[in-house]
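Student: Quick one, structure for this:
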Amino acid sequence: MAKATMQKWQRDWFKSELNRQYDPLIQAADLKLKSIEAEAVEVAQKNLADKIGATPIIEELEEAIDNVKQKMSKAARFFKSSKEGKKRGVDYKFNEKEYGIGSYREQITPEDCWEQVRDWASDFAKKQMEKTPEGKVLKVLEDNKRASLKEIMEAGSPDTLKSKLDNNLKKDGLSWHQEVKALPNVQTNTGGTIN
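Tutor: You can find the predicted model right below:
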């Protein structure tokens, strides 16, 4: 007798069932890790900025920009309150409430500097996150899902695949064989019950 082979639609069904079981666990582990990672990136950013000497440079840039903004505000107040300004009016720029250095592409802002340091620190923090218990859990879940997907793609028949998948899923607290549950008794508006 010839060995039964699985059809494409069967493999697709097995993969979708595997995704249905693993994806919520992986998403929950990933979210937990992301919140820890955000804190780690913030700490790593400050430490890295201090380590490479970026903090005083960025603070100096922030101070210079604040100084420029103050000088623009002073100039605006001067021109608005001058005799000519009162008599003839001033350009709309002098009526702004907040002044900035403009939006030129060539300008480097303190935010750009912090973003660069954050980007570098993020790579470091992600590597550190893989070493945490939460990172290890996520890695195991992803590896186990990958191993189960491999089983699906290499399986010859659905019967042997089911037992292999059940063994794999049990390691993560899941089960391939789902117990069918009975509906609870519910009273309807007509007075009858549904089982």
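
Student: so after the helix or strand hosting Leu165, what's the next helix or strand?
Tutor: Assessed by DSSP states H and E, Leu165 sits inside helix 158-170. Moving toward the C-terminus from helix 158-170, the next helix or strand (DSSP H and E) is strand 186-187.

Student: From the contact counts, what lies against the longest helix that the chain contains?
Tutor: Counting residues, the longest helix found in the chain (DSSP state H) is helix 8-52. Here helix 8-52 touches helix 54-81, helix 110-129, helix 133-154, helix 158-170, going by 3 or more Cβ pairs under 8 Å, 6 or more residues apart in numbering; DSSP states H and E. No exception for glycine: its C-beta is placed from N, CA and C like everyone else's.

Student: cutoff 7 Å now
Tutor: helix 110-129, helix 133-154, helix 158-170 (3 or more Cβ pairs under 7 Å, 6 or more residues apart in numbering; DSSP states H and E).

Student: if you average pLDDT over stretch 53-65, what comes out?
Tutor: Across stretch 53-65, the average pLDDT comes to 93.

Student: Can you tell me what sits against that stretch?
Tutor: Identification of contacts with stretch 53-65 by Cβ atoms under 7 Å, 6 or more residues apart in numbering yields Ala49, Ile101, Pro110, Cys113, Trp114, Val117.

Student: Now with 10 Å, please.
Tutor: Residues outside stretch 53-65 that contact it (Cβ atoms under 10 Å, 6 or more residues apart in numbering): 45-46, 48-50, 100-101, 107-114, 116-117, 120.

Student: Great, nothing more from me.
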